[in-house]
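Q: this one's structure only:
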């Protein structure tokens, strides 16, 4: 359990996995655009880590320019129920927070938004 949690808790790691889960195999540029705020350097580091763990596979086509894409391995696909459950929970919490901010007093709504 510890090794898995250490892998998933790195910055952006779970989000990278979720994007690959929901959008399928992605080229590097498309993956970067799907994750606003992540730097190329950090995305590269996360992908390398996930590749070393056997969760993500790198597919390279030697063209000019090279085509490199990333997708989940069968091991990475095993994370699908976990990622789907986290997605459902995040959407539920977002809906609850949004509903609470609509019914709260103006000062309470500001506190929730902060």
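A: Arrived safely, thanks for sending. Keep in mind the model is a prediction, meaning the values are calculated, not measured.
Q: Would you mind finding the longest helix in the protein?
A: Of all the segments of type helix in the chain, defined by DSSP state H, the longest one is helix 80-103.
Q: and the protein, what are its domains?
A: Annotated domains of the chain cover 1-76, 79-114 [automatic domain parsing].
Q: before we move on, the earlier item: would you mind listing the buried residues in the longest helix of the chain?
A: residue 83 (16 or more other C-beta atoms under 10 Å). C-beta here means a position set from N, CA and C on the backbone, and glycine is covered the same way.
Q: So for that helix, mean pLDDT?
A: For helix 80-103, mean pLDDT rounds to 91.
Q: tell me the most buried of the domains of the chain?
A: domain 1-76 (a mean of 14; mean count of other C-beta atoms under 10 Å).
Q: how long is it end to end?
A: 15 Å (C-alpha to C-alpha, to the nearest Å).
Q: Just say helix, strand or coil for the residue lying closest to residue 66 once chain neighbours are set aside.
A: Once flanking residues are discounted, residue 66 sits nearest to residue 60: 6.3 Å by C-beta to C-beta, 6 or more residues apart in numbering. Secondary structure for residue 60, judged by DSSP: H, G, I helix; E, B strand; the rest coil, is strand.
Q: ok, residue 60 touching residue 68?
A: Yes. Here residue 60 reaches residue 68: they are 5.3 Å apart, a contact under C-beta atoms under 8 Å.
Q: show me what contacts the nearest residue in space to residue 79 that is not next to it in sequence?
A: The shortest distance from residue 79 to any non-neighbouring residue, by C-beta to C-beta, 6+ apart, is to residue 17 (6.1 Å). By C-beta atoms under 8 Å, 6 or more residues apart in numbering, the residues touching residue 17 are 8, 50, 55, 56, 72, 76, 79, 83.
Q: how near is residue 17 to residue 78?
A: 11 Å (C-beta to C-beta, to the nearest Å).
Q: For these two, list the residues in contact with both.
A: By C-beta under 8 Å, 6+ apart, no residue touches both residue 17 and residue 78.
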